[in-house]
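Visitor: Sharing a sequence plus its predicted fold:
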Amino acid sequence: MNGLLTAGRLFFAIAMVFFGAQFLIFVSSMRGPIPGPPWSHGVLVLDWLACVGFILAGVSIASGRMGRWVAMVLGVALLLYGLLRYVPALVARVHDPGPWTVLFEILAMVGGAWVLAASFPAEGRESPSWDSMVWRLADVGRFLIAISLVVFAVQHFMYARFVATLIPAWIPARLFWAYTTGIAFVAAALSIATKRMLGMGAKLLGTMFLLWVVLLHAPRVAGAIRNGNEVTSLFVAVAMCGLSFALAGAYGRGLKGRGAVVL
């Protein structure tokens, strides 16, 4: 199997299992980081459903057992949650960057789940037409990822000075890196949307998120282990790393021989 695709599935699955574990900590009244955005809502029954759902989804994606169906359902569930929970908040507070960030993080993961669904081989007696529909859904997911990256890029340009404060102090020229990240998001979005050098663009995007996990998010979590927002941000970055690698691996594998440019 494509090693990049395997790594992407594993990273994405780890993030999903963590989100489930985060809910378990919350609903069990245990000490530890509580759910931060984008997962908190405070309804106990929904928290338990989310706990079980995320863990089962992560295990399924990592093991490959019913991976295609579970990833498709996960994408639909995340899409409904994002639209119902955060679109009204975004409309009510259109100038607040918070709902924009959370909504498009969720939409990017929706896209990642659908891309992962297409990356799994057809199960049982799936017809060629159904397999084709799964790939069309993956294309929708690909555009959701690209659109989300554009939103992230705009935020990096608009709030560059704030973004710079999140970069570790030992890294020089922090404002430069904030703007450079915005440019990288735009370049990756164009590559993913047009499928021009998609493989390279997605690989570089995944590598950037992986570096963020190691250099930015892990140290911040180590300094605030009970801060739910920091811990959640770490695993959102892990999920983004995973879906980027999966995107490169899935399209390099799935569109081989169809004339797509996936260098």
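Guide: All right, it came through fine.
Visitor: Quick check on residue 174: phi, psi?
Guide: Phi and psi for residue 174, reported as degrees, to the nearest 10, are phi -70, psi -40.
Visitor: Check residue 173 too.
Guide: According to degrees, to the nearest 10, residue 173 has phi 50, psi 50.
Visitor: okay, it: pLDDT?
Guide: For residue 173, the pLDDT comes out at 93.
Visitor: count of residues packed around it?
Guide: Look at residue 173: counted by other C-beta atoms under 10 Å, it has 11 neighbours. Glycine gets a C-beta too; all of them are placed from N, C-alpha and C.
Visitor: need the contact list for residue 103.
Guide: 38, 82, 86, 87, 90 (C-beta atoms under 8 Å, 6 or more residues apart in numbering).
Visitor: Let's verify it: helix, strand, or coil?
Guide: helix (DSSP: H, G, I helix; E, B strand; the rest coil).
Visitor: show me what contacts residue 81?
Guide: Contacts of residue 81 by C-beta under 8 Å, 6+ apart are residue 106.
Visitor: mind checking pLDDT for it?
Guide: Reported pLDDT for residue 81: 90.
Visitor: quick one on the thing from earlier: same list, the contacts of residue 103, but as JSON lines with neighbour count, secondary structure and distance to residue 195 please.
Guide: Formatted as JSON lines, the contacts of residue 103 follow (neighbours: other C-beta atoms under 10 Å; DSSP: H, G, I helix; E, B strand; the rest coil; distance: C-beta to C-beta, whole Å):
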{"residue": "38", "neighbour count": "23", "secondary structure": "coil", "distance to residue 195": "28"}
{"residue": "82", "neighbour count": "21", "secondary structure": "helix", "distance to residue 195": "25"}
{"residue": "86", "neighbour count": "22", "secondary structure": "helix", "distance to residue 195": "29"}
{"residue": "87", "neighbour count": "12", "secondary structure": "helix", "distance to residue 195": "28"}
{"residue": "90", "neighbour count": "16", "secondary structure": "helix", "distance to residue 195": "29"}
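Visitor: which among these gets closest to residue 134?
Guide: residue 82 (20.9 Å; C-beta to C-beta).
Visitor: Next, count neighbours for the closest residue to the closest one other than its chain neighbours.
Guide: Leaving aside its sequence neighbours, residue 82 sits nearest to residue 106 (C-beta to C-beta, 6 or more residues apart in numbering; 3.7 Å). Close neighbours of residue 106, defined as other C-beta under 10 Å, add up to 23.
Visitor: so how far is residue 133 from residue 106?
Guide: 23 Å (C-beta to C-beta, to the nearest Å).
Visitor: same question, residue 90
Guide: Remark: distance between residue 90 and residue 133 (C-beta to C-beta) = 30 Å.
Visitor: contacting residues for residue 239?
Guide: 11, 12, 15, 16, 109, 112.
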